[in-house]
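Asker: structure for this input, please:
(2 chains)
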Amino acid sequence: MSSTEQGTSSAAPAEPTTAPESAAAPEVPESFYYVHGKDKVVHKVSAGALQHSALIHGMISNLGYTEEQAKANPFPFENIDGDILQMVVDWCNQHKGKPTPPEDTNLPKQKEKLFDLVLAVNYLEIKELLTYCCKQVAMMVKGKSPEEIREIWMIPTDAEDEAAEKEAKKRAGKEAAGETAAAAGDAK
Amino acid sequence: MPDPSDTDPLTIRHFILYEALLKTPVFEGFKNLCKAVGDDVIKYSEYDFWYYRFLSGKRDFHYDRSNDAKPIEFSDLPSVVLNKIVENLDVKNRFNLRKVSHSLRQAIDQQKMNLELIEIEIQHNSVSIGIDNFLNEYFGDFMKDAENDWRILLKSLRNVKEFRVEIDASFEPFFNKSIDKIRTSEVYISTARSKEALEILEFFEPEILTHVEMKSRTSGNIDFLFEMEQFKKAQYMSIDDLGTTDFAYIDRFFHFKGFDITLPAIRAEDLLKIRDAMVKFAEFHTCYLFFNAEYDQDEIGEELGAELNDRSYVLKVPAAQPNTFVEVIIDSEFVLFSKIF
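Answerer: Residues are numbered from 1 along each chain as shown, chains lettered A, B, ... in the order given. The predicted structure follows:
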């Protein structure tokens, strides 16, 4: 049981023990948490919506914050752009407590935005949204030739990759040699 | 040669706006632009950025991207994401993606696929490999590519529902010790000689295989088949065009749901033995018998006490299972046993 549930159940009036289990659960006030991204804009999100994120859900399960404490301590996600975090929060709100549909057509189509979203969603561990995003990334190259895929995803050829690696090694070697020479100079 | 003013960034952005207004699919529009003003004028990522910006209604042609954070590249995506992307691609797209880079090749080769159908046709001068609804044909200098693609395909295969093999030349480059047992429930094998069909059958995982159909252009001894695990574990076996089955082996067929075989000659007592097996075994539902030697349909029909119905003799007896019958049809070309419910 999460600490949030513990907190609310202790505040709720005691239920008669004879109540049948199938009876509707009493309406409990929803708890909210706060998150912000790189732009420091704080978003208020319900615990229900945040359940989509395994990372945040894990964090709040262990905290047992009161409303005031949660407000005073927004979760900082400095590695996520504000507009991307907004997209994630909107998605979590839209899909709160609902079964997720087989596909989602509202994801950004622009490559850079989509890649940003993929990284954020992967970090926040939102399984369903990650599945949709990866599907959308795959769609970008469906039916494309290897050359076209390289162009779209900006992937160097293996030969270019090897050349870049060689160049980097050469540079590292030179730098190391420079450092050794400098160290030798210092020793003198 | 495009006019230098055509390749000015601001002009290019106007060209992109034009494609965005037309809602030309993004990559198609990019190709159009490259065709008109040259391949090196703009990178796809840049085009993609402006295209979607214009599409969303922003028309700030002078927007300065230099202050934007460095965009995330495909190579920044972690392997767990890469694997999930690959999961969404069918086999044709995976084959294309494999050719893109080493890391993608690794991501693809790690993932096992479940397929509907694999077909391979090996001829002297050509090979065709069909995977689900996609077919690749290889000729002459490209035969080595076929071997390579085949190896990759089998390596990345988890399960396939149906497997079809047609062989007219040496199959060693495609079926050899380096491949793991292929996991399929249905296999269709066609070869020049029956011995080759049995050799191919050995490459299939007996625990999964239920349906086997084999044929060869020349009939040979098939006794080895009856010792194979693939034979013992299958539920359906069609080998009437593969070779002649010695009736001495008939007991080994009664675990099947159905089988089609060719016997050397027809004998009433043999037919009765099969009929009695079908009466007894609940799972045994159908059997086609063909014969090498010609036979007198009337003689056999009368010997069995069957009734002449149209041009066939029919014998019907109750099966051991309630409300079920075994029907034997003696045709001039074949004998058919079937269970009727």
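Asker: which SS class is the residue in the stretch 201-341 of chain B that chain A sits nearest to?
Answerer: For the stretch 201-341 of chain B and chain A, the shortest gap (C-beta to the nearest C-beta) falls at residue B:208, measuring 28.5 Å. From N, CA and C alone the C-beta is placed, and that goes for glycine too. Classification of residue B:208 by DSSP: H, G, I helix; E, B strand; the rest coil places it in coil.
Asker: that one: neighbour count?
Answerer: Using other C-beta atoms under 10 Å in any protein chain shown, residue B:208 is surrounded by 17 other residues.
Asker: next one: the nearest residue to it once chain neighbours are set aside from residue B:149, what distance?
Answerer: Closest residue in space to residue B:208, ignoring its immediate chain neighbours: residue B:183 at 4.8 Å, by C-beta to C-beta, 6 or more residues apart in numbering or on different chains. Residue B:183 sits 19 Å away from residue B:149, going by C-beta to C-beta, to the nearest Å.
Asker: what do you get for residue B:275?
Answerer: Taken as C-beta to C-beta, the span from residue B:275 to residue B:149 is 49 Å.
Asker: check residue B:177 too.
Answerer: Counting by C-beta to C-beta, the gap from residue B:177 to residue B:149 is 19 Å.
Asker: of those two, who's got more company?
Answerer: Shown here are residue B:177 and residue B:149; by other C-beta under 10 Å, residue B:149 has more neighbours (18 against 6).
Asker: tell me the contacts of that one?
Answerer: When contacts are counted by C-beta atoms under 8 Å, 6 or more residues apart in numbering or on different chains, residue B:149 touches B:95, B:129, B:136, B:138.
Asker: can you rerun that using 7 Å?
Answerer: Listed by C-beta atoms under 7 Å, 6 or more residues apart in numbering or on different chains, the contact set of residue B:149 reads B:95, B:129, B:136.
Asker: that one: helix or strand, and which one exactly?
Answerer: For residue B:149, the host element (DSSP states H and E) is helix B:143-155.
Asker: same check, this time on residue B:160
Answerer: Assigned by DSSP H and E, residue B:160 falls in strand B:157-167.
Asker: now do residue B:86
Answerer: helix B:79-87.
Asker: so for residue B:286, what's the nearest residue that isn't a sequence neighbour?
Answerer: residue B:258 (3.9 Å).
Asker: the one you found and residue B:316, how far apart?
Answerer: Computed as C-beta to C-beta, the residue B:258 to residue B:316 distance reads 18 Å.
Asker: out of the two, which sits in the busier spot?
Answerer: Legend: neighbour count by other C-beta under 10 Å for residue B:258 and residue B:316, higher for residue B:258 (19 against 12).
Asker: can you tell me which residues contact the more buried one?
Answerer: Applying C-beta under 7 Å, 6+ apart, the residues near residue B:258 are B:236, B:285, B:286, B:287.
Asker: compare those residues and tell me which is most surrounded.
Answerer: For the contacts of residue B:258, the largest number of neighbours (other C-beta under 10 Å) sits with residue B:287, at 24 neighbours.
Asker: follow-up on the earlier one: quick check: the residue nearest to residue B:208 touching residue B:207?
Answerer: No. Between residue B:183 and residue B:207 there is no contact under C-beta atoms under 7 Å: 8.5 Å.
Asker: who has more neighbours out of these two?
Answerer: Ranked by neighbour count (other C-beta under 10 Å), residue B:183 and residue B:207 place residue B:183 first, with 17 against 10.
Asker: averaged pLDDT, stretch B:296-305. What do you get?
Answerer: Taken as a whole, stretch B:296-305 has a mean pLDDT of 93.
Asker: and for stretch B:246-263?
Answerer: Stretch B:246-263 comes out at a mean pLDDT of 96.
Asker: helices along chain A, start to end?
Answerer: A:3-11, A:47-50, A:54-63, A:67-72, A:82-94, A:111-124, A:127-140, A:146-153, A:158-187 (DSSP state H).
Asker: how far off centre is the fifth one?
Answerer: Think helix A:82-94. Averaging C-alpha positions (C-alpha atoms, centre = their mean, to the nearest Å) puts helix A:82-94 10 Å from its chain's average.
Asker: residue B:146 and chain A: what is the separation?
Answerer: Going from residue B:146 to chain A by C-beta to the nearest C-beta, to the nearest Å gives 18 Å.
Asker: quick check: that residue touching residue B:127?
Answerer: Yes. With contacts counted by C-beta under 7 Å, residue B:146 reaches residue B:127, the gap being 4.1 Å.
Asker: outline the domain layout of chain A.
Answerer: For chain A, automatic domain parsing gives the domain ranges A:29-140, A:142-171.
Asker: which of the ones you listed has the lowest mean pLDDT?
Answerer: Ranked by mean pLDDT, those bottom out at domain A:142-171, which scores a mean of 83.
Asker: any low-confidence regions in chain B?
Answerer: Low-confidence segments of chain B, defined by pLDDT under 70: B:1-4.
Asker: need the residues of it near chain A, please.
Answerer: B:27, B:44-45, B:48-49, B:52, B:71-75, B:77-78, B:80-81, B:84-85, B:88-89, B:93, B:96-97, B:99-102 (C-beta under 7 Å from any C-beta of the partner chain).
Asker: quick one, which of those are buried?
Answerer: Listed as buried from the residues of chain B next to chain A are B:27, B:44-45, B:48-49, B:52, B:71-72, B:74, B:77, B:81, B:84-85, B:88-89, B:93, B:96-97, B:100-101; burial here means 16 or more other C-beta atoms under 10 Å in any protein chain shown.
Asker: got the buried residues for the strand holding residue B:160?
Answerer: Buried residues in strand B:157-167, counted by 16+ other C-beta under 10 Å: B:157, B:160, B:163, B:164, B:165, B:167.
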